[in-house]
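K.L.:
Please work out how this folds:
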Amino acid sequence: MKIPQMLPFIGMEEYDSMKECFETNWLTEGPKSKQFVDKLCEIIGVKYGVLAPNGTLALYLGLKALGIGPGDEVIVPNFTFIASANAVLMANAVPVFVDVEREGLQIDVKKCEKVLTKKTKAIMPVHIFGAACDMTRVIEFADKFDLQIIEDAAQAMGVFWQEKHCGSFGDVGCFSFFADKTITTIEGGFVGTNDMQIYESLLYLRNQGRLTRGTFIHPEIGYNFRMNDIQAAIGLTQLAKREQIYRKKQQIYETYCQELKDTKQIKILKPKNESNLIPFRVALSSLAPQERLSEFLSANGIEARTFFYPLHRQPCFSFLADRQDLKDENFKNSIHAYEHGICLPAYPSLAVQEIKYICDRIKEYCDEL
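P.N.:
The predicted structure is shown next:
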């Protein structure tokens, strides 16, 4: 059996949705994009929103709209995809890394105060693996130290903290619609906000410094961060079947939990009680180093993934050592997660027999330890 890490959940519905774009000859950002934005705002619970070419640029747009710039510092969890930190660097600001909690791997707000300086302007909670950060603590911390909040909700479509959708808590919330995300437009991103001034800044930033197309007067500096109606048409179709996608992914998670409940050598990550779970991947921690389990699964046709490599160890960020303490002792949980973590497939079309095959191989591996 060959089981890939991910497969986009797309079919003829998405293919058919693109036809109208060709029939109307409207291929660039237009009516479908507006419908997509309106629907996203409704679902996420924000007043305003703009599209972006991808999740990384959504974060960059959000940071720029908040006025984050040269010399500013943004607190970023050490355990996240590198794009979270790269977006800060793109804004000419500095990502300052903080460790995550051992359980759940969300940003450890208790450790954030230790990295505060006079240059700290914002905090970037990242909702990891389809579960929510403790946004109650994040907001309390940000309010206490007068920080802006930019939520990285790239993996959090359909995820709630205390019945409020992730991406609607901060000054801005940023989403990704890459092919492996819960909702996909192949590539794509979204920035949501409830602040009219931030929204206006986003409009200028993403459209060459103007509010409308067709004019050659540019009141502000801006760029081209648009999507197109073909992608938006796919996105609208995906949103229409989002409840089906959520349900399938939750059933997959529950099947993994049931199949592996008696396997003591591994532990499946669970969300906090205040958060639901729409698994981006099914994340588990192994008592043994993950390399051996990864190799065993690969040899049996299962494409597993490691957890994120800790940002403080990334070779490309070595220059930050002059500005912050990047010793391993400050990031024990991130290191442990990487060394013991495995991501298992959780795409909606994954069959029960495939999940059982994966779990049987994991139990076989554990029996040999």
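K.L.:
Contacts only, for the residue nearest to the spatial centre of the chain.
P.N.:
The chain has Ala154 as the residue nearest its centroid, 2.3 Å off, counting by Cα atoms, centre = their mean. With contacts defined as Cβ atoms under 8 Å, 6 or more residues apart in numbering, Ala154 is in contact with Gly55, Phe81, Ala83, Val126, His127, Cys174, Phe175, Ser176, Phe178, Lys181. C-beta coordinates here come from the backbone N, C-alpha and C atoms, glycine included.
K.L.:
Could you do Val88 as well?
P.N.:
Contacts of Val88 by Cβ under 8 Å, 6+ apart are Leu59, Leu63, Ile68, Val74, Val76, Val94, Pro95, Met124.
K.L.:
if we go to 6 Å?
P.N.:
Val74, Pro95 (Cβ atoms under 6 Å, 6 or more residues apart in numbering).
K.L.:
any idea which helix or strand carries it?
P.N.:
For Val88, the host element (DSSP states H and E) is helix 83-90.
K.L.:
now that helix: how far from the chain's centre is it?
P.N.:
Put simply, helix 83-90 sits 13 Å off its chain's centre (Cα atoms, centre = their mean, to the nearest Å).
K.L.:
Can you list the buried residues in that helix?
P.N.:
If you call a residue buried by 16 or more other Cβ atoms under 10 Å, then helix 83-90 has these buried ones: Ala83, Ser84, Ala85, Asn86, Ala87, Val88, Met90.
K.L.:
would JSON lines of these with distance to Thr212 and pLDDT be doable?
P.N.:
What follows is the buried residues of helix 83-90, written out as JSON lines (distance: Cβ to Cβ, whole Å; pLDDT from 0 to 100):
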{"residue": "Ala83", "distance to Thr212": "30", "pLDDT": "98"}
{"residue": "Ser84", "distance to Thr212": "32", "pLDDT": "98"}
{"residue": "Ala85", "distance to Thr212": "34", "pLDDT": "98"}
{"residue": "Asn86", "distance to Thr212": "31", "pLDDT": "98"}
{"residue": "Ala87", "distance to Thr212": "27", "pLDDT": "98"}
{"residue": "Val88", "distance to Thr212": "30", "pLDDT": "98"}
{"residue": "Met90", "distance to Thr212": "26", "pLDDT": "98"}
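K.L.:
which of those lies closest to Ile230?
P.N.:
Checking these against Ile230 with Cβ to Cβ, the nearest one is Ala83 at 23.6 Å.
K.L.:
What residues of stretch 106-118 count as buried?
P.N.:
Gln106, Ile107, Asp108, Val109, Lys111, Cys112, Val115.
K.L.:
what's near enough to touch Phe97?
P.N.:
Val76, Asn78, Leu311, His312.
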